[in-house]
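Engineer: From the sequence below, what's the structure:
(one chain, ligands or ions: 1)
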Amino acid sequence: MIVGVSLKMYFSHARTVAWVEEVAAILAGHPVREAVTALVIPQFPSIPACLDAAGDLAVGAQDVATDDAGAFTGEVSAAVLAELGCRFVEVGHAERRRMFGDTDEVVAAKVHAAVRNGITPILCVGEEERLEPADAAEVCIRQIRSGLSAASAAGIVGDLVIAYEPLWAIGAPEPAHPDHIRGVCAVLRRHLTDVPGQTSVIYGGSARPGLLTQIADSVDGLFLGRFVHESSAVRDILDEVGALSA
Ligand SMILES: O=C[C@H](O)COP(=O)(O)O
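Structural biologist: The predicted structure is shown next:
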């Protein structure tokens, strides 16, 4: 099970590090600590301090450059993220696609940059408007094929996490209905059996404690945001993982 958290741009640096220290302590004392991949994705400047405080928590980045080095002012390369110790990088989040112009081509180049530097991409996919699960899955599969196209053309195989995040459920009062999530993610999982490397499907979009229990047969974990800003909510989710595996 993957329990991933993006802190987006919500916290100060001090609060980010304090949150990571709290969650690292919760994880260290939890019986499922060896059965989960728990990861936090802070803002770029907080990454080194988070790595120092993370314990068994993995640390990721919220975005990555398409190129590894050169005249790309303001960008952050996968090479440097790998050098620091980041194991994951988020690519193609809806907010990046919508607000910062990350096209399908850019997303594919960023996935390629991550995998050629040994970092696992968390490729975010999801439909914009509410659709039936089969139609939503079709949109997502198209985004997955496109997102993997550059890495595949280069013959690079690496681990891959697909974050299924229907856009209408991000920042919403409620997550998508469990039946919808299960319907889409089951199709995505079947599709990924043909993709080389270790693949996982996690759900994000107003995810919170209690959801995993309802969708655990169809997902490999959660991608969380606002609803774990209180670190104790991470303990609740780890407890769910424990109950599910009991
Ligand atoms: O990266 C996380 C997702 O976009 C979900 O965020 P949210 O749970 O705050 O809606």
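
Engineer: Residue 210: what's its closest spatial neighbour, skipping adjacent residues?
Structural biologist: Spatial nearest neighbour of residue 210, excluding adjacent residues (CB to CB, 6 or more residues apart in numbering): residue 240 at 7.4 Å. Just so you know, the C-beta spots here come from the backbone N, C-alpha and C atoms, and that holds for glycine as well.

Engineer: in stretch 76-87, what counts as buried?
Structural biologist: 76, 77, 78, 79, 80, 81, 82, 86, 87 (16 or more other CB atoms under 10 Å).

Engineer: what does the average pLDDT come to for it?
Structural biologist: Averaging pLDDT along stretch 76-87 gives 98.

Engineer: pull the longest helix from this structure.
Structural biologist: Assignment by DSSP state H gives helix 133-153 as the longest helix of the chain.

Engineer: Residue of this structure nearest the ligand, please.
Structural biologist: residue 225 (2.5 Å; CB to the nearest ligand atom).

Engineer: mind listing what residue 67 touches?
Structural biologist: 75, 77, 113 (CB atoms under 8 Å, 6 or more residues apart in numbering).

Engineer: in the protein, which spans are helices?
Structural biologist: In the chain, the segments counted as helices under DSSP H are 13-28, 47-53, 78-84, 94-99, 104-116, 133-153, 178-192, 211-215, 232-245.

Engineer: how about the ones you listed in TSV, adding distance to residue 70?
Structural biologist: Output for these, formatted as TSV (distance: least, CB to CB, whole Å):
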stretch	distance to residue 70
helix 13-28	28
helix 47-53	21
helix 78-84	11
helix 94-99	21
helix 104-116	12
helix 133-153	17
helix 178-192	33
helix 211-215	42
helix 232-245	38
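
Engineer: which one of those helices is the most hemmed in?
Structural biologist: Comparing these on average neighbours per residue, with mean count of other CB atoms under 10 Å, the densest one is helix 104-116 at a mean of 22.

Engineer: what number of residues lie near the residue nearest to residue 65 when sequence neighbours are not counted?
Structural biologist: Nearest residue to residue 65, sequence neighbours excluded (CB to CB, 6+ apart): residue 75, at 3.7 Å. Residue 75 is flanked by 14 other residues according to other CB atoms under 10 Å.

Engineer: just checking, residue 75 touches residue 68?
Structural biologist: No - between residue 75 and residue 68 there is no contact under CB atoms under 8 Å: 10.2 Å.

Engineer: Next, find the distance separating the spatially most central residue of the chain from residue 104.
Structural biologist: When CA atoms, centre = their mean is applied to the chain, the residue found nearest the centroid is residue 122 (4.5 Å). For residue 122, the distance to residue 104 equals 17 Å [CB to CB, to the nearest Å].

Engineer: mind listing what residue 59 touches?
Structural biologist: So residue 59 contacts 39, 40, 41, 42, 47, 50, 51, 85, 86, 87, 88 (CB under 8 Å, 6+ apart).

Engineer: again, only this time at 6 Å
Structural biologist: 40, 50, 51, 86 (CB atoms under 6 Å, 6 or more residues apart in numbering).

Engineer: cool, and residue 237?
Structural biologist: Residue 237 makes contacts with 3, 209, as judged by CB under 6 Å, 6+ apart.

Engineer: Start at 24, not 1
Structural biologist: Sounds good: first residue 24 from here, last item residue 260.

Engineer: Quickly list what the spatially closest residue to the residue of the chain closest to the ligand that is not a sequence neighbour is bridged to.
Structural biologist: Take residue 248 and drop its neighbours on the chain: the residue closest to it by CB to CB, 6+ apart is residue 29, 5.9 Å away. The partner list for residue 29 in beta bridges (DSSP bridges) reads residue 64.
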